[in-house]
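**Student:** The sequence isn't on hand, but the structure is:
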């Protein structure tokens, strides 16, 4: 595992629907965003309003910056090594968090892809919808969409996952998201699929 150096490459991603927050795992040499996450989120909020050519009013930048920071802290806790992509159409939308991670390949390919997509999740209310999925940069993988009961609630969580085994780099890659608003995940489905098609691997 110490010889595994491959990292996710986000160069090909269409950034318009996404706010991209890098991993938080390296506390000694953090990504720029994590040096001052509040200031970074404020810059991202200002850019978002400018990109949409909308007037934020007196509180719009603060509101969006605070939302980004809360999402960053909640979905990228200290030590986490995944990328966080926050999907939103309009600045004041509640972001949909989508995470992506890479790690050394482990176990038989098909078994690992089923595990990474949670294809056999016993909590699923019905068998997940499974599909083969082709990415230009990661090759053929697998996607899964399922509903699970939210713990302590009568609501259902809609969950979407993609996974690949990339033999060239000896790597497994996974993308995941979940929400208790199924319409929100369906609304973002095309952008999530584009994200999945755009991720690549860089081996420094």
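**Tutor:** Structure received. Given the structure is predicted, the values throughout are model-derived calculations rather than measurements. Numbering: from 1, shown residues only.
**Student:** can you map out the strands along the chain?
**Tutor:** 7-9, 18-21, 83-87, 96-104, 129-135, 139-149, 156-166, 171-179, 200-202 (DSSP state E).
**Student:** Can you mark which positions in the second one are buried?
**Tutor:** This means strand 18-21. Of the residues in strand 18-21, 18, 19, 21 count as buried by neighbour count, 16 or more other CB atoms under 10 Å. Glycine gets a C-beta too; all of them are placed from N, C-alpha and C.
**Student:** Identify the bridge partners of the first one.
**Tutor:** In this case it means residue 18. Per DSSP bridges, residues listed as beta-bridge partners of residue 18: residue 87.
**Student:** what's the pLDDT at the closest residue in space to residue 90 that isn't next to it in sequence?
**Tutor:** Closest residue in space to residue 90, ignoring its immediate chain neighbours: residue 52 at 6.8 Å, by CB to CB, 6 or more residues apart in numbering. Looking at residue 52, its pLDDT stands at 94.
**Student:** returning to what we had before: of the buried residues of strand 18-21, just say which sits nearest to residue 110.
**Tutor:** Within the buried residues of strand 18-21, the smallest distance to residue 110 is 30.3 Å, found for residue 18 (CB to CB).
**Student:** was I right about the closest one contacting residue 85?
**Tutor:** Yes - contact criterion CB atoms under 8 Å: residue 18 and residue 85 qualify, at 4.7 Å.
**Student:** what touches both of the two?
**Tutor:** When CB atoms under 8 Å, 6 or more residues apart in numbering defines a contact, the residues bordering residue 18 and residue 85 alike are residue 195.
**Student:** who's sitting farthest from the centroid in the protein?
**Tutor:** Distance from the C-alpha centroid of the chain, by CA atoms, centre = their mean, peaks at residue 58 (30.5 Å).
**Student:** Export the strands of the chain as TSV, with columns for distance to residue 29 and mean pLDDT.
**Tutor:** Formatted as TSV, the strands of the chain follow (distance: least, CB to CB, whole Å; pLDDT from 0 to 100):
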stretch	distance to residue 29	mean pLDDT
strand 7-9	14	95
strand 18-21	17	97
strand 83-87	17	98
strand 96-104	18	97
strand 129-135	30	95
strand 139-149	31	96
strand 156-166	26	97
strand 171-179	22	97
strand 200-202	17	94
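**Student:** Would you tell me which of those gets closest to residue 114?
**Tutor:** Here strand 139-149 is closest among these (CB to CB), at 7.5 Å.
**Student:** mind checking how far the closest one is from the chain centre?
**Tutor:** The chain centre lies 14 Å from the centre of strand 139-149; the measure is CA atoms, centre = their mean, to the nearest Å.
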